[in-house]
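A predicted structure for the sequence below; I have some questions about it.
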Amino acid sequence: MLDIKLVREQTQAVKTGLGNRNFNTAVIDEVLKLDEKYREQRTRLEQKQQALNAASKAVGMWMGKLKKDPAAPVPKEIADALGKTPKGPDEAKEELRLFGDQISNIDRMIGELGKEIEARLQMVPNLPSAQTPVGKDETGNVVRKTWGEAPKFAFKPKPHWELGKHYGLELETGGRISGSGFPFLRGPLARLERALINLYIDFHTRENGYTECWTPFMVRRETLVNSGQLPKFEEEMYQLGKGDELYLIPTAEVPLTSVHADSVLDKEQLPIRYCAFTPCFRREAGAAGKDTRGILRVHQFSKVEMMVTTTPDKSAEEHETLTRCAEKLLELLELPYRRLELCTGDIGFGAARCYDLEVYAVGVEKWLEVSSCSNFTDYQARRAKIRFKDADKQNKLCHTLNGSGLALPRVMIGILENNQDAEGRVRLPKALHAYYGKEFL
RNA sequence: GGAGGAGUGGCAGAGUGGUCGAUUGCGGCGGUUUUGAAAACCGCUGUGGGCUUCGGCUCACCGGGGGUUCGAAUCCCUCCUCCUCCGCCA
């Protein structure tokens, strides 16, 4: 969520940033209008509350005095609050009750205003960082680096859905059990799935200083609001019915971001680096028919996620480090990749800056997104109330970052397609030999 | 699933209708003392919002939400979480 103060004080800069995202800034004007009204009413309310509080206290003392002295005068606070002098405590109470009702009404109205402001602000994406290239859609993304080269074959390389048949990729079985987009793996590929997960987690915990976590796979609504998936992306979520108002997580980012929600961290604890393996559940609404062949885009997939909580002055640096962690994994897996910096028109909802890592797969002849590393600055932290105590003893919002390290299916596609030979055999990269137990699938 | 108990400031732990935003202890910060340190003593020490002549003023917050009352941490309803016991079951 954006800081309402920032919206108020730097309206033009906010609008420019959001405009670069193709976001309709009319909402900003609505928010400002509501905010002005909200503050005006709030001041009015507080004056009345102050008068009522003083009068209520005075009632108690007055009643005490009346017991000893039936002629005790009406306290000034009561007369001030009511604008007149009641005859006795009963009349005072009755009048104060009416006064209280009046206050409740204003309070309710302000509550409504507050909700309207919040609802609108929650639909506003993060401001892109000054470093994020300006562009209107994915064509504006910038390739920042490339690593490795796509293998050249004397034969026509097969796509993974053909190769996979021999190694236990059973799309029909998954379809029968759950529907399309739920792949079933048997034998070699099931084992490869597990080997990859272990390699990833071991790498991050041993080499990169991440703490391994195991998280719930179903979460409350507010957990999804914290990290920014809701209320905006309701149609992307799988939700449980029957009185269980739980959602299946679309990424481990969701539970990990909420680990420190609503708390104030010591500056010395930061940065906090977590990684976790989870299955990810996504409806992929609106993506039907688009690159869905084989396991290019599925409703359930495995992913290891990295998540960092840090101070604002360190987040840019952490973003580079985090991205490198994912890249090093790809290098370990000997997969040719490129780093794309997403432009303002293509960057994710809560991100200020984002790198996508793409692997080139020779069978499908495409660059496949296997990781997305984002700096959310204080956007998630404001929603989730993740703060730290700064040197000046002020509580300040943390910065959060996360990145895939890595998503499984497309890495599996890369391994299958790029390491095939004319006989359809697949030789695994060295790093996997110990994890898989063999050199070949 | 059934029956109980509990959720208060960084932590521990009082408070059961009226100057309570909250006694006290620990921790933290500042000071006195000391060659230095410790100890002792004194003072300060929650969060968020609104207004501000930038000196402050003010409102809300005692797990979340709602209610009763002139007035609620305190009474009522409801939800959440944790603990204990019973039952059932990987």
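Cool, the structure landed. Numbering: from 1, shown residues only, chains lettered A, B, ... in the order given.

and residue A:254, what element?
According to DSSP states H and E, residue A:254 maps onto helix A:253-257.

quick one: strands adjacent to the least confident helix or strand in chain A by mean pLDDT?
Among the helices and strands of chain A, strand A:263-266 carries the lowest confidence by mean pLDDT, DSSP states H and E, at a mean of 85. Strand A:263-266 has its sheet partners listed here by DSSP bridges as strand A:386-389 (parallel).

Would you mind identifying the next helix or strand past the strand it pairs with?
Next along from strand A:386-389, by DSSP H and E: strand A:395-397.

what mean pLDDT does the helix or strand that that following strand is followed by have?
Following strand A:395-397 in sequence order, the next helix or strand is strand A:399-407 (DSSP H and E). Taken as a whole, strand A:399-407 has an average pLDDT of 95.

cool, stretch A:197-214 as well?
When the per-residue pLDDT values of stretch A:197-214 are averaged, the result is 96.

which parts of that stretch are buried?
Taking 16 or more other Cβ atoms under 10 Å as the basis for neighbour counts, the residues of stretch A:197-214 that come out buried are A:197-201, A:203-204, A:208, A:210, A:213. All C-beta spots, glycine's among them, are computed from the backbone N, C-alpha and C.

farthest pair in the residues you listed?
Put simply, by Cβ to Cβ the two of those set farthest apart are A:199 and A:213, 17.3 Å from each other.

Please name the residues that touch the residue in the stretch 151-300 of chain A that RNA strand B sits nearest to.
Scanning the stretch 151-300 of chain A for proximity to RNA strand B using Cβ to the nearest atom of the strand identifies residue A:264 as nearest, at 6.2 Å. Taking Cβ atoms under 8 Å, 6 or more residues apart in numbering as the definition of contact, the neighbours of residue A:264 are A:387-389, A:395.

hmm, back to that, make TSV out of the buried residues of stretch A:197-214 and add secondary structure and distance to RNA strand B.
TSV is the format used below for these (DSSP: H, G, I helix; E, B strand; the rest coil; distance: Cβ to the nearest atom of the strand, whole Å):
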residue	secondary structure	distance to RNA strand B
A:197	helix	21
A:198	helix	23
A:199	helix	28
A:200	helix	26
A:201	helix	23
A:203	helix	30
A:204	helix	27
A:208	coil	29
A:210	coil	25
A:213	strand	17
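
just those residues now: which is nearest residue A:123?
When the buried residues of stretch A:197-214 are compared for distance to residue A:123, the smallest value, 29.8 Å, is given by residue A:213; criterion: Cβ to Cβ.

residues from chain A in reach of RNA strand B?
Residues of chain A lying close to RNA strand B (Cβ under 7 Å from any atom of the strand) are A:4-5, A:39, A:42-43, A:45-46, A:49-50, A:52-57, A:59-61, A:63, A:93-94, A:96-97, A:100, A:111, A:264, A:387, A:395.

among the residues you listed, which are in strands?
Secondary-structure check on the residues of chain A next to RNA strand B using DSSP state E: residues within strands are A:264, A:387, A:395.

Name the helix or strand for the closest residue in space to residue A:146 that isn't next to it in sequence, please.
In space, and not counting its chain neighbours, residue A:146 is closest to residue A:338: 4.2 Å by Cβ to Cβ, 6 or more residues apart in numbering. Per DSSP H and E: residue A:338 is located in strand A:337-341.

what packs against that strand?
With contacts defined as 3 or more Cβ pairs under 8 Å, 6 or more residues apart in numbering; DSSP states H and E, the packing partners of strand A:337-341 are strand A:142-147, helix A:315-332, strand A:353-361.

ok, residues contacting the first one?
In this structure, residues lying in contact with strand A:142-147 by Cβ under 8 Å, 6+ apart are A:133, A:327, A:330-331, A:336-341, A:343, A:355.

Please apply the same query to the longest one.
For helix A:315-332, the surrounding residues in contact (Cβ under 8 Å, 6+ apart) are A:147-148, A:199-200, A:203-204, A:207-208, A:271, A:306, A:308, A:310, A:337, A:339, A:353, A:355, A:357, A:359, A:370-371, A:373-375, A:377, A:399, A:401-406, A:411, A:429, A:431.

Let me know the pLDDT of the residue nearest to residue A:146.
pLDDT for residue A:338: 98.

What is the neighbour count of it?
The number of residues packed around residue A:338, counting by other Cβ atoms under 10 Å, is 16.

what bits of the stretch 151-300 of chain A have low per-residue confidence?
Judged by pLDDT under 70, the stretch 151-300 of chain A has its weakly predicted residues at A:242-243, A:288-290.

OK, contacts around residue A:422?
Taking Cβ under 8 Å, 6+ apart, we find residue A:422 in contact with A:153-155.
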